[in-house]
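A.B. asks: Predicted model, plus sequence, below.
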Amino acid sequence: MPSSEVDVAKLFDITGRVTAAVPFGDGHINETYRVAVDGGPRSGYLLQQINTRVFTDPAGVMENIARVTNHIRGKCVEAGRDPDRHSLTVISARDGARCVVDEHGRAWRMYLFIDRTVGLGVADSETTAREGGRAFGEFQRLLRDLPGARLNETIPAFHNIDHRLEQFRAAVAEDPVARARDTHREIDEYGTRAHAMREILSAAEAGRIPERIAHNDTKLNNVLIDEASGRAVCVIDLDTVMPGYSMYDFGDSIRTVTNTAEEDERDPGKVGFNMGYFTAFSEGFLGETAAFLTPDEIALFPFAAKFFPYIMGLRMLTDFLNGDVYYKTRYPTHNLVRARSQLALLRAMENRYDEMRAEIARVSRACYITNSRSSSRT
Ligand code: ADP
Ligand code: GN1
Ligand code: MG
């Protein structure tokens, strides 16, 4: 029976001798390890303990990931790109299963390690912003023709604002760790904006926007960037790939790409909105998607940009009120700091909303024209 991460790694179908498994990355959800091997053809592997408090059906998660990565790998091969670098590669267990449940009930999976890449908490240039947009836009485009049944909903109602507000209000009312009294200002700031946050949900309920396959967790560090060239290499963190709406992937990315500070910046004065990065990301994303998105979807992009600092900050504040049971935290007020910095970003975006709308109109028109010209030539 496995007792350490190295022992768990040996249960997977890899060639060579496992020499180490070292904690890696700074995701908020799963436990991630970089696995080193001696004498195999691969430079390394990535072992993850799936957070089963968050993902209660790890087999359903892995089924989605297998379908999505097989599809993307096929498209990489068609396009002459290396599928092991431009798609995640699931390494099965020696018994053929896509994940292993150990004697403690923990669920584990393994991927090929994609080396010579970085994941960025904030964008460092317009090129990075554009590359992020290109990668997530391409991801949505490649999955348009995924065959088979609807994907599993790995976290039901994940970006449903009614559901998140319900959880927030329950946390305020129950106040299980007596933190509400020190958080009145933030509770009010999130509360007063609640009524204005239903635009995507209302459009969906009215049947004005189509359901699509979305990544649903498009922060910038979920796309690996090539260390040498600065080009996007691979979209990762596929646990939440499931049915959603196109503007979810646009908006959640804009939240990290345009922020002048890290998501958990303690000084709200350092949090700002970078309009140049907004434009660059939009050009990348719409360059891949403008040809098939509907006008109603694109019209919701500026709203989605404001919506994501709101819904994510709301979830972080809810987790603070609940005693930090969801996100990984490094210090006692970490979730509150996150919620405050998301509010600062939201305020900055509110001040630039008209400009964002004008930019989306301009960029989508330009991308649409470019795409129709190039498709009429082919
Ligand atoms: P979480 O859900 O906790 O965010 P991720 O799947 O995003 O977990 O993985 C955490 C980190 O591990 C990522 O931010 C990235 O730095 C790194 N990572 C994930 N998958 C790979 C991979 N296949 N190759 C190299 N690094 C990876
Ligand atoms: C989580 O897994 P990770 O760290 O990429 C979260 C996202 C939040 C993000 C905030 C499954 O993303 O929804 O936007 O933290 N993922 C899940 O940083 O809840
Ligand atoms: Mg991640």
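C.D. replies: Perfect, I can see it now. Ligands and ions are numbered 1, 2, ... in the order given.

A.B. asks: per-residue confidence at the residue lying closest to residue 271 once chain neighbours are set aside?
C.D. replies: Of all residues not flanking residue 271 in the chain, residue 344 sits nearest, at 3.9 Å (C-beta to C-beta, 6 or more residues apart in numbering). Using the backbone N, CA and C atoms, a C-beta is placed for each residue, glycine as well. For residue 344, the model assigns a pLDDT of 98.

A.B. asks: can you pull the pLDDT of the residue nearest to the spatial centre of the chain?
C.D. replies: Centroid-nearest residue in the chain: residue 217, 1.9 Å away (criterion: C-alpha atoms, centre = their mean). pLDDT for residue 217: 98.

A.B. asks: In this structure it contacts residue 244, no?
C.D. replies: No: using C-beta atoms under 8 Å, residue 217 is not in contact with residue 244, being 10.2 Å away.

A.B. asks: circling back to that earlier point, residues contacting the residue nearest to residue 271?
C.D. replies: Shown in contact with residue 344 (C-beta atoms under 8 Å, 6 or more residues apart in numbering): 268, 269, 271.

A.B. asks: cool, and residue 13?
C.D. replies: Contacts of residue 13 by C-beta under 8 Å, 6+ apart are 91, 92, 93, 94.

A.B. asks: ok, of those residues, which one's closest to ligand 2?
C.D. replies: Distance ranking of those against ligand 2, using C-beta to the nearest ligand atom, places residue 91 first at 20.3 Å.

A.B. asks: Tell me who's in contact with that closest one.
C.D. replies: For residue 91, the contacting residues are 12, 13, 14, 45, 110, 111, 112, by C-beta under 8 Å, 6+ apart.

A.B. asks: re the thing from before, for ligand 2, tell me which of the contacts of residue 13 show up nearby.
C.D. replies: By C-beta under 6 Å from any ligand atom, no member of the contacts of residue 13 lies near ligand 2.

A.B. asks: And the residues you listed, which two are furthest apart?
C.D. replies: Checked with C-beta to C-beta, the contacts of residue 13 reach their widest spread between 91 and 94, with 10.1 Å between them.

A.B. asks: backbone phi and psi for the nearest residue to residue 113 once chain neighbours are set aside, please?
C.D. replies: Distance criterion C-beta to C-beta, 6+ apart; nearest residue to residue 113, sequence neighbours excluded, is residue 44 at 3.8 Å. Taking degrees, to the nearest 10, you get phi 170, psi 170 for the backbone angles of residue 44.

A.B. asks: and what of residue 323?
C.D. replies: According to degrees, to the nearest 10, residue 323 has phi 90, psi 30.

A.B. asks: Wait, it touches residue 175, no?
C.D. replies: No: distance between residue 323 and residue 175: 10.1 Å, which falls outside the contact criterion (C-beta under 8 Å).

A.B. asks: now the strands: where do they sit in this protein?
C.D. replies: Remark: strands assigned in the chain by DSSP state E are 17-23, 31-38, 45-50, 90-91, 100-101, 107-112, 117-118, 212-214, 223-226, 232-235, 242-244.

A.B. asks: Strand partners (parallel or antiparallel) of the second one?
C.D. replies: This points to strand 31-38. According to DSSP bridges, strand 31-38 has the following sheet partners: strand 17-23 (antiparallel), strand 45-50 (antiparallel).

A.B. asks: Quickly list the domain ranges of the chain.
C.D. replies: 5-115, 126-377 (automatic domain parsing).

A.B. asks: Tabulate those domains (JSON lines), appending distance to ligand 3.
C.D. replies: What follows is the domains of the chain, written out as JSON lines (distance: least, C-beta to the ion, whole Å):
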{"stretch": "domain 5-115", "distance to ligand 3": "4"}
{"stretch": "domain 126-377", "distance to ligand 3": "4"}
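
A.B. asks: Figure out which of those domains is closest to ligand 1.
C.D. replies: Ligand 1 lies closest to domain 5-115 among those, at 2.1 Å (C-beta to the nearest ligand atom).

A.B. asks: anything in the closest one sitting right up against ligand 1?
C.D. replies: Yes: counting by C-beta under 6 Å from any ligand atom, ligand 1 is contacted by domain 5-115 at 24, 25, 27, 28, 29, 30, 32, 46, 88, 111, 113, 114.

A.B. asks: dump the residue contacts of the second one.
C.D. replies: Spelled out, it's residue 25. Applying C-beta under 8 Å, 6+ apart, we find residue 25 in contact with 32, 119.

A.B. asks: and if you look at the fifth one?
C.D. replies: By C-beta under 8 Å, 6+ apart, the contact set of residue 29 is 51, 54, 239, 327, 328.

A.B. asks: Can you flag the buried ones in those residues?
C.D. replies: Listed as buried from these are 51, 54, 239, 327; burial here means 16 or more other C-beta atoms under 10 Å.

A.B. asks: Greatest separation within these: which pair is it?
C.D. replies: Between all members of those, the farthest pair (by C-beta to C-beta) comes out as 239 and 327, at 14.3 Å.

A.B. asks: Residue 267: how many residues sit nearby?
C.D. replies: Residues near residue 267, counting by other C-beta atoms under 10 Å, number 11.

A.B. asks: Can you report phi and psi for it?
C.D. replies: Per-residue torsions, residue 267: phi -100, psi 100 (degrees, to the nearest 10).

A.B. asks: confidence score at it?
C.D. replies: Confidence score, pLDDT, at residue 267: 97.

A.B. asks: Name the nearest residue to it, ignoring sequence neighbours.
C.D. replies: Closest residue in space to residue 267, ignoring its immediate chain neighbours: residue 261 at 7.8 Å, by C-beta to C-beta, 6+ apart.

A.B. asks: I'd like to know how far that neighbour sits from ligand 2.
C.D. replies: Residue 261 sits at a distance of 13 Å from ligand 2 (criterion: C-beta to the nearest ligand atom, to the nearest Å).
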